[in-house]
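Visitor: sequence first, predicted model second:
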Amino acid sequence: MRTLTEGARGLGLRPEFVDTLLELPAVKGLDFLEVAPENWMQIGGRKRDQLDRIADRYPLVAHGLSLSIADTEPLNTAFLRDVARFLDDYGIAIYSDHLSAARDSTGYLYDLLPVPRRAENLPYLAGRIAQVQDFTGRRLVLENISAYYRYPGEMTEGAFFAELVARSGCGILLDINNAYVNARNHGTDADAFLRALPSEAIVYYHIAGHLELADGFLLDTHGTPVADAVMALAGKAWALHGARPLLLERDNKVPALDVLLADLGYIATAVDEGRHVLA
Amino acid sequence: MSSPETAAPPAMAMEFAGFCRAARTIGSEIYGQLLRENVADVLRASFPLFTGGIGSAALDAAIEAFIQRHPATRPQFHHIATEFLLFAQRQLVLSPQQIALLEYEWALLAAEIDPASVPPASTDVDRLSLNPTARLVLLQFDPARPAVAGDAVDRPHAIFRTASHQVLTLPLTLPDCLLVEHVRAKEAAPLVGLFDALMPCCSAVELQTSLTRGLVCGLFCPSQRPSETPHETDRSC
């Protein structure tokens, strides 16, 4: 397994640019790629061929969408076995998913759904995380989602994450854009969220763009350039928690690879140099 | 560390179930909208002919019914296509033509992503196997013009992925069908004796033409003797 340095920069692997990437020698300034295991595992043909060739050139991290760690059904162990096999096959050390649910008692819903953040739910979630870590043989890393709904009277996201980390030993994938989107949409304090997180648990950062609707509501679309305010928040995260591998997500309206790489370089350098830390 | 909890706290289960119920049933609510958009995006990408032909109102109604009622068991987002097909076959009121188009597009998708490895095409073979990604289907329309209504006559086709990752739809003749059936029935079917077994139904020329075409396009693949395959176990007693 290949490890990432704190200053590593990565992109989410997209079909839109995978052919271009394969035509190039290893790209300077692109240190790793992130793949959603669900989109690549148990798949053959062109996609499998592409992934095999990409894996020969770049370290991979796995970022899942379908683990549904926080749902209230039994864990999908068949799915977990497939994920574990995929991680082993490609020598992937970091496996992350979202602190969310994707399934109810009827079945899968195919989205990242918020779950109630209550102290009494923490032992259950910590137990589920332990099960996943046993299955995969890896520390589970969980990302803070953009949540468009808040349950009445629930804990703050920062306090909930911190307590969950303390109980389970899971890692955190800190998504700066999601932290910003949640703070704007719900009128909460993004700085306080960042301060509540234990630095040592943060494994890497996500950064992405969002869409602002006419009424000011923000949607986490991954379809626009990163907003200055999100860059500023990233600077604060760096100042608080230190450098970590940084990954730029772009899943919609994906520009050409050279544009994405230029964006990634600009963001990483600016955040690293503290140019976007607001007073 | 706390001991693992095996069941969710009842209050958590009830609270989350209420949230999901709203998302499933209220399309105007933000998560209701997101669920419907996610499914619509996958269906348009996976089934362009079906979604293009059914009309937006009927598609919206189908997605609404799918989200409200279907117990999807496959977690992967790309399997929304498979889940929708299963739901459509059992629960949606669609015309036979619409179901046929949906099944055809699903078969194309399934062949494209089938995990099996396809050996390179070759005409220099001793033993044959059927392309491991092949799906054999009966179509009542011309795959070259799938939007045009067919003549209600079932015609056999093979859908498969080549070694160079192309997905082909091949109309099958009678000799093709005989060869396919023979090769499917025998693991690593030897060429020797193949024509003798099928000659009562077709001429040698017809079979040779069919075999050559199948090998060139990749419907048939070179195969090793069963005892030479890596996962073969000793079946002797």
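Guide: Structure's in. What do you need? Residues are numbered from 1 along each chain as shown, chains lettered A, B, ... in the order given.
Visitor: now the helices: where do they sit in the chain?
Guide: Answering for chain A, as no chain was given. Applying DSSP state H to chain A gives helices spanning A:15-23, A:37-40, A:45-57, A:77-89, A:122-136, A:157-168, A:176-186, A:190-196, A:228-241, A:257-272.
Visitor: let me rephrase: I mean chain B.
Guide: Here chain B has its helices, by DSSP H, at B:10-25, B:30-46, B:48-54, B:56-69, B:80-91, B:96-113, B:174-185, B:194-198, B:204-217.
Visitor: can you tell which of those is closest to residue A:145?
Guide: helix B:30-46 (11.9 Å; CB to CB). Where C-beta positions appear, they are placed from N, C-alpha and C, glycine not excepted.
Visitor: right, and the helices of chain B - which one's nearest residue A:260?
Guide: Closest approach to residue A:260 among the helices of chain B (CB to CB): helix B:30-46, 21.3 Å.
Visitor: packing partners for that closest one?
Guide: For helix B:30-46, the packing partners by 3 or more CB pairs under 8 Å, 6 or more residues apart in numbering or on different chains; DSSP states H and E come out as strand A:108-113, helix B:10-25, helix B:48-54, helix B:56-69, helix B:80-91, helix B:96-113.
Visitor: leaving out chain neighbours, which residue sits closest to residue B:199?
Guide: residue B:207 (7.4 Å; CB to CB, 6 or more residues apart in numbering or on different chains).
Visitor: and the helices of chain B, which one is worst for confidence?
Guide: Lowest mean pLDDT within the helices of chain B: helix B:194-198, at a mean of 84.
Visitor: tell me what that helix is packed against?
Guide: So helix B:194-198, by 3+ CB pairs under 8 Å, 6+ apart, packs with helix B:174-185, helix B:204-217.
Visitor: reformat those helices as JSON lines; add mean neighbour count.
Guide: Shown next, in JSON lines, are the helices and strands packed on helix B:194-198 (neighbours: other CB atoms under 10 Å in any protein chain shown):
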{"stretch": "helix B:174-185", "mean neighbour count": "18"}
{"stretch": "helix B:204-217", "mean neighbour count": "17"}
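Visitor: quick one: the ones you listed as CSV, columns for distance to residue B:23 too.
Guide: Conversion of the helices and strands packed on helix B:194-198 to CSV gives the following (distance: least, CB to CB, whole Å):
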stretch, distance to residue B:23
helix B:174-185, 45
helix B:204-217, 46
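Visitor: with adjacent residues omitted, what lies nearest to residue A:131?
Guide: residue A:75 (5.7 Å).
Visitor: can you tell me the centre-most residue of chain B?
Guide: Note on chain B: the residue nearest the mean C-alpha position is residue B:107, at 2.8 Å, using CA atoms, centre = their mean.
Visitor: ok, now which ones touch it?
Guide: Counting by CB atoms under 8 Å, 6 or more residues apart in numbering or on different chains, residue B:107 touches B:135, B:137, B:159.
Visitor: generate a markdown table for the residues you listed, with distance to residue A:248 as supplementary columns.
Guide: Output for those, formatted as a markdown table (distance: CB to CB, whole Å):
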| residue | distance to residue A:248 |
| --- | --- |
| B:135 | 39 |
| B:137 | 42 |
| B:159 | 38 |
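Visitor: check those against chain A, which are close?
Guide: When CB under 8 Å from any CB of the partner chain is applied, no member of the contacts of residue B:107 is adjacent to chain A.
Visitor: most neighbours among the residues you listed, which one is it?
Guide: residue B:159 (25 neighbours; other CB atoms under 10 Å in any protein chain shown).
Visitor: ok, that one to chain A distance?
Guide: Taking CB to the nearest CB, to the nearest Å as the criterion, residue B:159 is separated from chain A by 13 Å.
Visitor: what's the burial count for the residue in chain A that chain B sits nearest to?
Guide: Closest contact between chain A and chain B, by CB to the nearest CB, is at residue A:127 (2.9 Å). The number of residues packed near residue A:127 is 19, by other CB under 10 Å.
Visitor: could you pick out the residues of the stretch 101-250 of chain A near chain B for me?
Guide: So the stretch 101-250 of chain A meets chain B at A:101-111, A:113-116, A:118, A:120-124, A:126-128, A:130-131, A:148-149, A:151, A:167-169 (CB under 8 Å from any CB).
Visitor: pull out the buried residues from those residues.
Guide: Among these, those classed as buried by 16 or more other CB atoms under 10 Å in any protein chain shown are A:101-104, A:106-111, A:113-116, A:118, A:121-124, A:126-128, A:130-131, A:148, A:151, A:167-168.
Visitor: so can I have JSON lines of the helices of chain A showing mean pLDDT?
Guide: Output for the helices of chain A, formatted as JSON lines (pLDDT from 0 to 100):
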{"stretch": "helix A:15-23", "mean pLDDT": "96"}
{"stretch": "helix A:37-40", "mean pLDDT": "94"}
{"stretch": "helix A:45-57", "mean pLDDT": "96"}
{"stretch": "helix A:77-89", "mean pLDDT": "97"}
{"stretch": "helix A:122-136", "mean pLDDT": "97"}
{"stretch": "helix A:157-168", "mean pLDDT": "98"}
{"stretch": "helix A:176-186", "mean pLDDT": "98"}
{"stretch": "helix A:190-196", "mean pLDDT": "98"}
{"stretch": "helix A:228-241", "mean pLDDT": "96"}
{"stretch": "helix A:257-272", "mean pLDDT": "94"}
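Visitor: and the residue nearest to residue B:199, how close does it get to residue A:250?
Guide: According to CB to CB, to the nearest Å, residue B:207 stands 53 Å off from residue A:250.
Visitor: which residues are in contact with the residue nearest to residue A:224 when sequence neighbours are not counted?
Guide: Among residues not flanking residue A:224 along the chain, residue A:209 sits closest, at 3.6 Å (CB to CB, 6+ apart). Counting by CB under 8 Å, 6+ apart, residue A:209 touches A:177, A:221, A:222, A:223, A:224, A:225, A:226, A:227, A:230, A:250.
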